[in-house]
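>>> fold the following, please.
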Amino acid sequence: MAIHIALVCSLLLSIPRTPVAETKIAFGAANPPSIHVAIVRNERSLSTKKFFTTFVSEQIPVLFKAAILNSPAYRLWTDEYFMKLSGIPDNHTVLAESKKKENRTYPTVRMPFKKFVSVYNTTDQYMVESVPPFLRKDYMLPHHLQCEQLMKEIVVETVMWYSSGGTSSVVHTDSVENMNCLVAGIKKFVFVSPEHADKVLFDHPEGAYSGIDVDDVDYTKYPGLADVRFMHADLEPGDCLYIPFNWIHQVRSYNRNIAVNIWWNSFKNKAIDLEKCDKKFDPALTLDNVVTTGMDGLESSPEIIRCLVPAIYIMKDPEFVGTPEHDRTLTILEKMFELIDVDGDGKVDAMDLEALPESRWTEVSVYFKEIYAIEKKWEDTEEEEEVHDEL
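Predicted coordinates for the structure are as follows:
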């Protein structure tokens, strides 16, 4: 019997074994149960004013179902339609990324629009470009963004994303408010609220993104992610998703995929006269009617300094003083002051703001985002305590 057992063991040990692969965990796929963002199924039931007061002012992401189904782009934007377009200037080109998995180090290339359409299905290239002038007439503005002041003064850029699917972004934040509308394909978003920003290591602050491998998260390098509760949003053709300024997110696309982003300056939200915005929906209002200010100078806007006022006030809150959040905010403010005080005279004036180089503005904007997250988290905590006391 002993010989028989030994022989069986010997045979078993001699059988080649396939190594057991370690399970890969994608960004947003683990941790406590995730939740879906708020959904509005009848977009026109929500006025511009209601959209801004309910979601934009409170910085809450929201998914609008079937918001652009009546847009000509939804019906027209096929590859065949694009290839038949006439009147495109000979010198017009679009930017194409070279790899579908973004890491912000791969080279990009510019090419004529029709050239891109002819090759994107057989390459990893995908287009990221301002909506071409010859396509702007096709894209109807979502109902809740049909406000003249917003369209003429505050929109920073309109961007078209066009791929054969299979793309994935880095984990990042935007320096703008963002309305992402899907014309074709499927998109899946993963969000992390700014109040959990301290748990997501942004090891590339200069570009406001993280080096996390979104397909195989290293929880040893990024341990804070183990405590994050993720939010999700799944877009189908015709849907629009509001992505608030400073919300951490990551996105994947599937199938032939076309989306349009409308970016606007978050620091000018309060300047919008919402009482003048609620007009009858106009299906003929397209991107032709939008004036874009461009990204240049966005991060160097003096509005950033103005938006620090709430942080200064919260520093005087007796309940806030002495907390770790207070100490961190004070440290950040001191660093920001040093960056902005270009001439080193111990005070900040208009000359400092004019002389501040772009590299410093970028650093200032990163610090601002951290202060914003601290302030928002503190306010939410205060509100929860007030509700608890009332109960």
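
>>> contacts, neighbours, all on C-alpha from now
Fine.

>>> which stretches of the stretch 1-150 of the chain form strands?
Under the criterion DSSP state E, counting those that start in this stretch, the stretch 1-150 of the chain carries strands at the ranges 35-36, 38-40, 62-64, 94-97, 108-111, 126-130.

>>> most tightly packed of these?
strand 62-64 (a mean of 23; mean count of other C-alpha atoms under 10 Å).

>>> ok, that strand: who's next to it in the sheet?
Under the criterion DSSP bridges, strand 62-64 sits next to strand 38-40 (parallel), strand 240-243 (antiparallel) in its sheet.

>>> run through who's touching it.
With contact meaning C-alpha atoms under 8 Å, 6 or more residues apart in numbering, strand 62-64 is reached by 37-43, 55, 233, 235, 239-243.

>>> 10 Å instead, please
36-44, 46, 51, 54-56, 142, 179-181, 233-235, 238-244 (C-alpha atoms under 10 Å, 6 or more residues apart in numbering).

>>> tell me the buried residues within these.
Among the contacts of strand 62-64, the ones that count as buried by 16 or more other C-alpha atoms under 10 Å are 36-38, 40, 43, 46, 51, 55-56, 142, 179-181, 233-235, 238-244.

>>> what about the nearest residue to residue 36 once chain neighbours are set aside, neighbour count?
Among residues not flanking residue 36 along the chain, residue 232 sits closest, at 4.7 Å (C-alpha to C-alpha, 6 or more residues apart in numbering). Residues near residue 232, counting by other C-alpha atoms under 10 Å, number 18.

>>> so residue 232 sits against residue 243, correct?
No - using C-alpha atoms under 10 Å, residue 232 makes no contact with residue 243, being 11.6 Å away.

>>> residue contacts, residue 205?
172, 362-363, 365-367.

>>> so which of those residues wins on neighbours?
residue 172 (24 neighbours).

>>> count the residues that sit near the nearest residue to that residue once chain neighbours are set aside.
Excluding its sequence neighbours, the residue lying closest to residue 172 (C-alpha to C-alpha, 6+ apart) is residue 209, at 4.1 Å. Neighbourhood size, residue 209 [other C-alpha under 10 Å]: 23.

>>> check residue 74 too.
Neighbour number of residue 74 under other C-alpha under 10 Å is 19.

>>> do you know the pLDDT at it?
Looking at residue 74, its pLDDT stands at 95.

>>> roughly how far apart are it and residue 66?
11 Å (C-alpha to C-alpha, to the nearest Å).

>>> what sits in contact with each of those two?
182, 237-238.

>>> now these in TSV, with secondary structure?
TSV is the format used below for those (DSSP: H, G, I helix; E, B strand; the rest coil):
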residue	secondary structure
182	strand
237	coil
238	coil
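
>>> could these go into TSV alongside distance to residue 357 and pLDDT?
Converted to TSV, the shared contacts of residue 74 and residue 66 look like this (distance: C-alpha to C-alpha, whole Å; pLDDT from 0 to 100):
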residue	distance to residue 357	pLDDT
182	37	97
237	42	97
238	41	95
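
>>> about what we covered before: which one of the strands of the stretch 1-150 of the chain lies closest to residue 345?
strand 126-130 (41.8 Å; C-alpha to C-alpha).

>>> so which of the strands paired with strand 62-64 is nearest residue 101?
Per C-alpha to C-alpha, nearest to residue 101 of the strands paired with strand 62-64: strand 240-243, 21.0 Å.

>>> and the next element down the chain from the closest one?
Sequence-wise, the next helix or strand downstream of strand 240-243 (DSSP states H and E) is strand 248-264.

>>> so what's the residue count around residue 106?
For residue 106, the neighbour count with other C-alpha under 10 Å is 11.

>>> make sure it is actually in contact with residue 125.
No - the criterion here is C-alpha under 10 Å, and residue 106 misses it with residue 125 at 11.1 Å.

>>> and the pLDDT at residue 28?
For residue 28, pLDDT reads 88.

>>> tell me the phi and psi of it?
Dihedral pair for residue 28: phi 90, psi 0, per degrees, to the nearest 10.

>>> and it, what is it in contact with?
By C-alpha under 10 Å, 6+ apart, the residues touching residue 28 are 34, 189-192, 214-215, 217, 225, 228-232, 249-250.

>>> quick one: which of these is nearest to residue 96?
residue 250 (19.4 Å).

>>> how about that closest one: what's its closest non-neighbour residue?
Leaving aside its chain neighbours, residue 250 sits nearest to residue 171 (4.8 Å; criterion: C-alpha to C-alpha, 6+ apart).

>>> from residue 187, how far out is that neighbour?
The gap separating residue 171 from residue 187 is 15 Å, by C-alpha to C-alpha.

>>> list the residues that contact the residue nearest to residue 289 when sequence neighbours are not counted.
On the basis of C-alpha to C-alpha, 6+ apart, the spatially nearest residue to residue 289 that is not a chain neighbour turns out to be residue 151, at 7.2 Å. Neighbouring residues of residue 151 by C-alpha under 10 Å, 6+ apart: 141, 145, 264, 287, 289-292.
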